[in-house]
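J.: here's a sequence, model it:
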Amino acid sequence: MVKVGVTGIGGRMGSFIGLLAVQAEDMELAGALEAYGHKSIGTDAGLVIGTGSLGVTVTDDMEAAFRDVEIIIDFTIPDLTMKLARYASDAGKALVIGTTGLSDEEASQVKSYSKKIPIVMSPNMSIGVNVMFKVVSMLTRLLGDAYDVEIIETHHRLKKDAPSGTALGLARSIAEARGIELADHACYERHGIIGQRPEGQIGIQTLRAGDIVGDHTVLFAGNSERIEITHRAHTRQNFAQGAIRAARWIQGRKPGLYTMMDVLGLAE
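T.: Residues are numbered from 1 along each chain as shown. Have a look, this model is predicted:
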């Protein structure tokens with residue numbers, strides 16, 4: 001029975017992940033962290049996620065929360081994720097990171113921590129989205145430079161980062177398949193007299209509205225045809241299911257930085 005700790009247990013994602021961990025026959029929810037001042041502090045984690053008492057108290061003390069866990073699952077904000085990654089590295093805890101919005105410098109720091117512990121970090125834990133990463137990369141190679149590529153992502157009005165981590169992950173997959181640097185070819189907005197579309201440009205457009213969980217479309221457009229691939233998340237539970245799958249996979253792994261592509265056996 002693997003002992004799992006969850007950050008943000010009182011939030012939407014954290015509660016989903018905590019619930020699935022409790023329901024899993026091979027897992028035990030053994031630690032729960034929340035932000036200082038959160039209303040769930042001092043409450044039994046089971047009451048927070050709706051399963052009944054578990055004997056695990058929600059705390060804002062990272063060391064107290066995760067002292068007895070083997071794997072920590074984190075879907076929070078970059079600042080907390082970086083503190084958690086440092087703690088996990090020092091304490092020898094495996095880590096699953098689904099937080100988006102990390103800077104290149106922060107991502108590089110997480111990679112350095114993975115020299116001591118196994119870490120799964122992915123911009124999207126959805127199984128369907130990660131299959132989409134694979135398919136988009138294959139299509140890019142097969143279609144070549146003759147097809148323009150646009151990525152359109154839509155999320156709820158409360159999402160803080162833009163573009164989404166998933167949209168950026170898709171863009172990186174396309175850039176890698178083309179053998180180019182994304183920073184040199186990405187276009188995040190268009191306004192005014194923009195002129196002809198540059199060769200090799202990768203458009204990444206952001207929409208924010210309502211309570212949309214997450215939609216991502218990749219458009220490949222040629223002169224006489226187009227291919228569109230779309231993934232729509234109906235609920236956040238699919239991200240939580242992917243996180244639990246990653247936690248199950250990472251148990252006993254050697255130190256290193258892994259992605260959901262590794263978890264699903266899709267890595268090249």
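J.: and whichever helix or strand residue 28 is part of, average pLDDT?
T.: Element membership for residue 28, per DSSP states H and E: strand 27-33. For strand 27-33, the mean per-residue pLDDT is 97.
J.: after that strand comes which helix or strand?
T.: Moving toward the C-terminus from strand 27-33, the first helix or strand encountered (DSSP H and E) is helix 45-49.
J.: list the helices and strands whichever helix or strand comes after that following helix packs on?
T.: Using DSSP H and E, the next helix or strand after helix 45-49 towards the C-terminus is helix 62-66. Of the remaining helices and strands, those touching helix 62-66 by 3 or more C-beta pairs under 8 Å, 6 or more residues apart in numbering; DSSP states H and E are strand 27-33, helix 78-91. (Each C-beta comes from the backbone N, C-alpha and C, glycine too.)
J.: my read: residue 186 touches residue 171, true?
T.: Yes - A contact is recorded between residue 186 and residue 171 when judged using C-beta atoms under 8 Å, the distance being 6.2 Å.
J.: and for those two, which residues touch both?
T.: Common contacts of residue 186 and residue 171, defined by C-beta atoms under 8 Å, 6 or more residues apart in numbering, comprise 202, 204.
J.: tell me if residue 218 really is in a strand.
T.: Yes - with DSSP: H, G, I helix; E, B strand; the rest coil as the criterion, residue 218 is part of a strand.
J.: quick one: residues contacting it.
T.: Residues counted as contacts of residue 218 (C-beta under 8 Å, 6+ apart) are 132, 136, 149, 150, 151, 170, 174, 228, 229, 230.
J.: counting by contacts, list what the helix or strand hosting the last one packs against.
T.: Which is residue 230. Per DSSP H and E, residue 230 falls inside strand 226-233. For strand 226-233, the helices and strands in contact under the criterion 3+ C-beta pairs under 8 Å, 6+ apart are helix 127-143, strand 214-221.
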